[in-house]
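A.B. asks: Sequence and computational prediction follow.
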Amino acid sequence: MIDAHAHLLNEKFNASDIISSMRDDRLDKIVNIGTDVADSRQGIVLAKNNKNVFCTVGIHPEYADNTTDADVAIIDELASSKKVVAIGEIGLDYHFGATEEQKQKQKELFVRQIKIASRHNLPIVIHCRDAADDVLEILKEHRHLLLRVVMHCYSEGGAYMPKFRELDCYFSFTGNITFKKVDRTFLKDIPQNRIMVETDAPWLSPEPLRGTTNYPKNVWLTAQKIADTLEMSLEKFDTLSSDNTKTFYNLP
Ligand SMILES: [Zn+2]
């Protein structure tokens, strides 16, 4: 099993403890996700020191207000490091009521990082919260520049799914797809070679651990729920999701 999206450098974690228990947790690989310049940089060091850890670099939309040209230039520079497997997480987040000006800044940062991914021939990891229409609009305009695209923590539901599917996006699911009132029926309509599973640890623990600190090993609980929905064995879903994640990030 691969955890396609985790934040091992979060203050809640001791990254080396998590990495040293990967074998016991039946985790082959973890992709550590960058959210700003500092943790993107640290992620590269973590990945260089640990064979089965890979990393992304990027600036999360919630930092768009304070991002400088110099920050974007550093992400561009870091993108050519070994073990950087994508640009992310990047995108749009209107959850806390962004003003028009803030939305504009987020869109600009998103597009600039799409262009970095394109220059380095890397896939992108999209964070999208309450902003699906604008993400779709930007993707439609720039999709041809991009190798591969994943909607991380896909939460837009069945109605939006075909629109992202049309743009040949991958769909990656966290613990929130296991929550009790969530409609999971649309999972069956996603092409099987476009489904991935992740934790987004330390956030979004799956049921029955909802509300607690999330760990990469909990990816198995989310995988089980998706496997049940797809009427597939856990083993088969593990192979499917791991293969898709390897293809997406071009992992060895
Ligand atoms: Zn994340």
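C.D. replies: Looks like it came in fine.
A.B. asks: Show me which residues of the stretch 1-150 of the chain are close to the ion?
C.D. replies: Applying Cβ under 5 Å from the ion, one finds that the stretch 1-150 of the chain approaches the ion through residue 33. Placement of C-beta: from N, CA and C, glycine included.
A.B. asks: So which residues of the stretch 1-150 of the chain form helices?
C.D. replies: 15-20, 37-49, 69-78, 100-120, 132-142 (DSSP state H, counting those that start in this stretch).
A.B. asks: so which of the ones you listed comes closest to residue 195?
C.D. replies: Among the helices of the stretch 1-150 of the chain, helix 132-142 comes nearest to residue 195, with 18.5 Å by Cβ to Cβ.
A.B. asks: Output the contacting helices and strands for that closest one.
C.D. replies: On a contact count with 3 or more Cβ pairs under 8 Å, 6 or more residues apart in numbering; DSSP states H and E, helix 132-142 meets strand 84-93, helix 100-120, helix 157-166.
A.B. asks: go with 10 Å
C.D. replies: Judged by 3 or more Cβ pairs under 10 Å, 6 or more residues apart in numbering; DSSP states H and E, helix 132-142 is in contact with strand 84-93, helix 100-120, strand 124-129, strand 149-151, helix 157-166.
A.B. asks: how far is that helix from where the chain is centred?
C.D. replies: Helix 132-142 sits 17 Å away from the centroid of its parent chain (Cα atoms, centre = their mean, to the nearest Å).
A.B. asks: quick one on the thing from earlier: turn the helices and strands packed on helix 132-142 into CSV, including mean pLDDT and mean neighbour count.
C.D. replies: Formatted as CSV, the helices and strands packed on helix 132-142 follow (pLDDT from 0 to 100; neighbours: other Cβ atoms under 10 Å):
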stretch, mean pLDDT, mean neighbour count
strand 84-93, 98, 26
helix 100-120, 98, 18
strand 124-129, 98, 26
strand 149-151, 98, 26
helix 157-166, 97, 15
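A.B. asks: export the ones you listed to a markdown table and tack on distance to residue 247?
C.D. replies: Converted to a markdown table, the helices and strands packed on helix 132-142 look like this (distance: least, Cβ to Cβ, whole Å):
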| stretch | distance to residue 247 |
| --- | --- |
| strand 84-93 | 11 |
| helix 100-120 | 16 |
| strand 124-129 | 14 |
| strand 149-151 | 11 |
| helix 157-166 | 17 |
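A.B. asks: Nearest to the ion: which residue in the stretch 151-252 of the chain?
C.D. replies: Residue nearest to the ion within the stretch 151-252 of the chain (Cβ to the ion): residue 200, separated by 4.6 Å.
A.B. asks: from what I can see that residue touches residue 3, true?
C.D. replies: Yes: in this structure residue 200 lies within contact range of residue 3 using Cβ atoms under 10 Å: 9.2 Å.
A.B. asks: Now the common contact residues for the two.
C.D. replies: 219, 222 (Cβ atoms under 10 Å, 6 or more residues apart in numbering).
A.B. asks: what about residue 25, neighbour count?
C.D. replies: Neighbours of residue 25 under the rule other Cβ atoms under 10 Å: 16.
A.B. asks: Spatially nearest residue to it, not counting backbone neighbours?
C.D. replies: residue 217 (3.8 Å; Cβ to Cβ, 6 or more residues apart in numbering).
A.B. asks: and the one you found, how far is that from residue 49?
C.D. replies: 21 Å (Cβ to Cβ, to the nearest Å).
A.B. asks: Could you check which of these two has the larger neighbour count?
C.D. replies: residue 217 (18 against 12).
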